[in-house]
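> Please work out how this folds:
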Amino acid sequence: MLYSATINVMVKAARRAGRSLKRDLGEIEHLQVSLKGPANFVSLADKRAEEILYQDLAKARPGYGFIGEEGGTREGSDKSHTWIVDPLDGTTNFLHGIPQFAISIGLSREGTIIAGVIYNPANDELYIAERGKGAFLNDQRLRVAGRRQLNECVVACGLPHIGRGDHEEFRREMTAMQERVAGLRRFGAASLDLAFVAAGRLDGYWERNLQSWDIAAGMIMLREAGGTITDIDTPGDALVTGNVVCGNEFVHGELVKILRKPAQ
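Model prediction:
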């Protein structure tokens, strides 16, 4: 398929960084791993992938800003465009040799995500979306699932672990959800959870306390596939709050009813 110059730049960068990650996945036992926080690992592979992405994207679009999970914010001369990048979403999966991880690249223009690429180098699945042009997986058009019975739906979630998130709150949410859906799943890579909803593999997804680089590419993927995504507790922007709930219009609405806190 013919994609825009911007998408081609993003895909090229993602594939090059993906080759680096795939090599490191094969050498997993030799990776030097440092501890960034409780159960939040960062490897040399992670940092190396981000630098590849930064170099390629900066070369192609020299003035754009760059927000990366590892390197933070790098200002650009073009204040209207910013790359929002997670070089290795699903780091813990990666470090355990679980092939559920991805490179996520979103492009923001004046605060609106206009393009996204999510790439899992372990299985060579490449998700692409551009505002107004649809979402694709390896050149096949994506559409969210059409189910309208929650008891037939499979829904993914985050799962707060040691040192992160409100465990009691999640247990309340999970208990309420278990009584309503056909199945719950926890995969460990937010960008791919969003991509899976866009592809119709999952019917819905919710998670709290995410960062912009976890969400940016997946948000446009989902919307271009006909899905709805908002903050969990308000109709606001999940990119800002980090609390995501999504699905087709019906599933999104039902999940919101279960999860949203009553007004104080």
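> show me where the stretch 1-150 of the chain has helices.
Ranges of helices in the stretch 1-150 of the chain, per DSSP state H, counting those that start in this stretch, are 5-26, 44-60, 91-95.
> Am I right that residue 225 is in contact with residue 146?
No. With contact taken as Cβ atoms under 8 Å, residue 225 and residue 146 are classed as non-touching, separated by 11.6 Å. In short, each C-beta sits where N, CA and C put it, glycine included.
> For residue 20, give me its contacts.
Contacts for residue 20 (Cβ atoms under 8 Å, 6 or more residues apart in numbering) come out as 45, 48, 49, 52.
> just to revisit the earlier point, can the helices of the stretch 1-150 of the chain go into CSV with extra columns for distance to residue 201 and mean pLDDT?
Output for these, formatted as CSV (distance: least, Cβ to Cβ, whole Å; pLDDT from 0 to 100):
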stretch, distance to residue 201, mean pLDDT
helix 5-26, 20, 95
helix 44-60, 25, 94
helix 91-95, 17, 89
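> Residue 225 and residue 146: which has the busier surroundings?
residue 225 (25 against 11; other Cβ atoms under 10 Å).
> so how many other residues sit close to the closest residue to the more buried one other than its chain neighbours?
Nearest residue to residue 225, sequence neighbours excluded (Cβ to Cβ, 6 or more residues apart in numbering): residue 198, at 3.8 Å. Neighbours of residue 198 under the rule other Cβ under 10 Å: 32.
> can you pull the contacts of residue 198?
Residue 198 neighbours (Cβ under 8 Å, 6+ apart): 127, 129, 135, 142, 144, 218, 221, 222, 224, 225, 227.
> Please tell me how far it sits from residue 213.
18 Å (Cβ to Cβ, to the nearest Å).
> For the stretch 51-200 of the chain, which segments are assigned as strands?
Taking DSSP state E, counting those that start in this stretch, the strands of the stretch 51-200 of the chain run over residues 64-68, 72-74, 78-89, 102-109, 112-120, 125-130, 134-137, 140-141, 154-157, 183-185.
> which one of those has the most crowded surroundings?
Compared across the strands of the stretch 51-200 of the chain, strand 102-109 shows the largest average neighbour count, a mean of 27 (mean count of other Cβ atoms under 10 Å).
> Can you give the strand pairings for it, parallel or anti for each?
Here strand 102-109 is paired, per DSSP bridges, with strand 78-89 (antiparallel), strand 112-120 (antiparallel).
> Distance from the chain centre to the longest one, please.
With Cα atoms, centre = their mean, to the nearest Å as the basis, strand 78-89 stands 13 Å off its chain's centre.
> got any ranges where this structure has weak pLDDT?
Within the chain, the segments meeting pLDDT under 70 span 29-42, 262-264.
> let's see 50
For the chain, the stretches with pLDDT under 50 are 38-39, 264.
> center of it, which residue is that?
The centre of the chain sits closest to residue 191, judged by Cα atoms, centre = their mean, with a distance of 1.8 Å.
> which residues does the nearest residue to it once chain neighbours are set aside contact?
Closest residue to residue 191 in three dimensions, ignoring its sequence neighbours and counting by Cβ to Cβ, 6+ apart: residue 104, at 3.9 Å. Contact analysis of residue 104 by Cβ under 8 Å, 6+ apart lists 85, 86, 89, 116, 117, 118, 191, 213, 214, 216, 217, 218.
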